[in-house]
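> Sharing a sequence plus its predicted fold:
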Amino acid sequence: MGASRSAVPTRPQGQQQDVHGGGAMAQFVLAQRLELGRGDAELVDPEVRVVSETVRPERIGHDAPAPAPFRHQGLRIVRAAKRDQHADVVRRKIVMAAQARHTLVTALGLDQPLPVQYAKWLWGTLQLNFGVTYTDGQPVSTVIGDRVPATLELLGISFLVALALAIPLGILAAVRQYSIVDYLLTVLSYIGISMPIFWLAEVLILVLAIQHGWFPTGGRQTTGAPMTLWDSVHHLVLPVTAISLVFIAAWSRYLRSSMLDVLRQDYLRTARAKGLGTSGILFKHALKNALIPFVTVVSLDVGTIFGGAVVTESIFAWPGLGSLFINSLTARDYPVLMAMMVLSAATIVLCNLAADVIYALLDPRIQL
């Protein structure tokens, strides 16, 4: 028994202390690296890689693996340190979020009662003070004011072109009822009404700009060139065509129907019996009365025109309110969106008021 016991190799005392000393040194080095923010296992020195399954034999001074209590000890230290770090980061983020939220609520006035908030917003709106944008901090009124001229240019010209073509086409279709011209205009009108503006705009760009190169694909002016009248008209052709064609088709049909109703009235038969000329009957008597329902339709379509401008300006890269609306919607810039909604509502109300005034001018029997 004594011989067998003596045959079992025993580890020297110094080596056992070296094992404990090596483990302590490894823990110390790893702890220092954790304090320096290098707690990742890959950053541990290869000679003291305690994260591995065993402590390196060079550090122990023996070829045998480290004892079981020291296995994965570094990994436990790393996990504990990371948990502490994550907890500190989460606590700091919570505190910072609470402070930022309080600051934002105070700056926006959301800590005040709702009637006070509404009164302040209404007073600011009457003064055209819509706050600042979320994206760059500029005043909303300044951002919108920079885009208004481009939109007024596009919508104004489109509106005039649509009126200038819809009125004569509607009169022609009514006078030549059931003729080839009437059938042709009816087919073209239905095609124009059924075409979405975005599809029509894409077709115009593909055919007239890309394939033939007659017009630019977008923009308000040529980049790097001075703005001239011809350059502006050249850039306006495609977007104006895309917007006006849809309304020409719809308005010409409305005016045709209204003209047909008026032409059947008894007072026009009396005018013909008295020998009044056709042009006098059409433009002096029939057209004035036929324009009354036509004005109603046109005034109600102002909001639709603005909606078409939103799509058209985005497709043709026109620097107006439409592209600003799309960009603000993408960036969730709510002050700009609210200001544009108020502007659109005010425009529709003003157009309906203008329609009432035009009623009184067309028909003296109507009083404001």
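Structure received. Residues are numbered from 1 along each chain as shown.

> Go through stretch 311-319 and list whatever outside residues touch any part of it.
With Cβ atoms under 8 Å, 6 or more residues apart in numbering as the test, stretch 311-319 has contacts from 147, 150-151, 154, 197-198, 201-202, 205, 217-220, 238-239, 242-243, 320-323, 326. In this view, the C-beta of every residue, glycine as well, is placed from N, C-alpha and C.

> Among those residues, which are located in helices?
147, 150-151, 154, 197-198, 201-202, 238-239, 242-243, 321-323, 326 (DSSP state H).

> Identify the residues contacting the helix or strand hosting Gly280?
Gly280 belongs to helix 278-280 when elements are defined using DSSP states H and E. With Cβ under 8 Å, 6+ apart as the test, helix 278-280 has contacts from Ala271.

> hmm, 10 Å instead?
175, 271-272, 286 (Cβ atoms under 10 Å, 6 or more residues apart in numbering).

> Between all of these, which two are separated the most?
For the contacts of helix 278-280, with distances taken as Cβ to Cβ, the pair at the greatest spread is Val175 and Ala271 (15.0 Å).

> Most neighbours of all the contacts of helix 278-280, which one?
Ala286 (24 neighbours; other Cβ atoms under 10 Å).

> and that one, what does it touch?
171, 174-175, 258-263, 265, 267-268, 271, 280.

> Wasn't it part of a helix?
Yes - according to DSSP: H, G, I helix; E, B strand; the rest coil, Ala286 belongs to a helix.

> Now do it against Leu268, distance only.
Distance of Ala286 to Leu268, given as Cβ to Cβ, to the nearest Å: 6 Å.

> shared neighbours of these two, anything?
Contacts common to Ala286 and Leu268, judged by Cβ under 10 Å, 6+ apart, are Val262.

> Check which residues of the helix or strand hosting Met338 are buried.
Assigned by DSSP H and E, Met338 belongs to helix 334-362. Of all the residues in helix 334-362, those buried under the rule 16 or more other Cβ atoms under 10 Å are 335-340, 343-344, 351, 355, 358-359, 362.

> Look at Tyr178 and say how many residues are nearby.
7.

> tell me the contacts of it?
Contacts of Tyr178 by Cβ under 10 Å, 6+ apart: none found.

> My reading is that it lies in a strand. Confirm?
No - Tyr178: not assigned to a strand; according to three-state DSSP it is coil.

> What's the per-residue pLDDT of it here?
Tyr178 carries a pLDDT score of 87 in this model.

> repeat for Gln85
pLDDT at Gln85 comes out at 60.

> What of Ala80?
60.

> Going forward, the N-terminal residue is numbered 4.
Sounds good: first residue 4 from here, last item Ala83.

> I'd like the average pLDDT over stretch 317-332.
88.

> End to end on that stretch, go ahead and measure it.
12 Å (Cα to Cα, to the nearest Å).

> In that stretch, which residues are buried?
So for stretch 317-332, counting by 16+ other Cβ under 10 Å, buried means 317-319, 321-328, 331.

> and those as JSON lines, adding distance to Lys123?
Shown next, in JSON lines, are the buried residues of stretch 317-332 (distance: Cβ to Cβ, whole Å):
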{"residue": "Ser317", "distance to Lys123": "33"}
{"residue": "Ile318", "distance to Lys123": "38"}
{"residue": "Phe319", "distance to Lys123": "38"}
{"residue": "Trp321", "distance to Lys123": "34"}
{"residue": "Pro322", "distance to Lys123": "32"}
{"residue": "Gly323", "distance to Lys123": "30"}
{"residue": "Leu324", "distance to Lys123": "25"}
{"residue": "Gly325", "distance to Lys123": "29"}
{"residue": "Ser326", "distance to Lys123": "30"}
{"residue": "Leu327", "distance to Lys123": "25"}
{"residue": "Phe328", "distance to Lys123": "25"}
{"residue": "Ser331", "distance to Lys123": "22"}
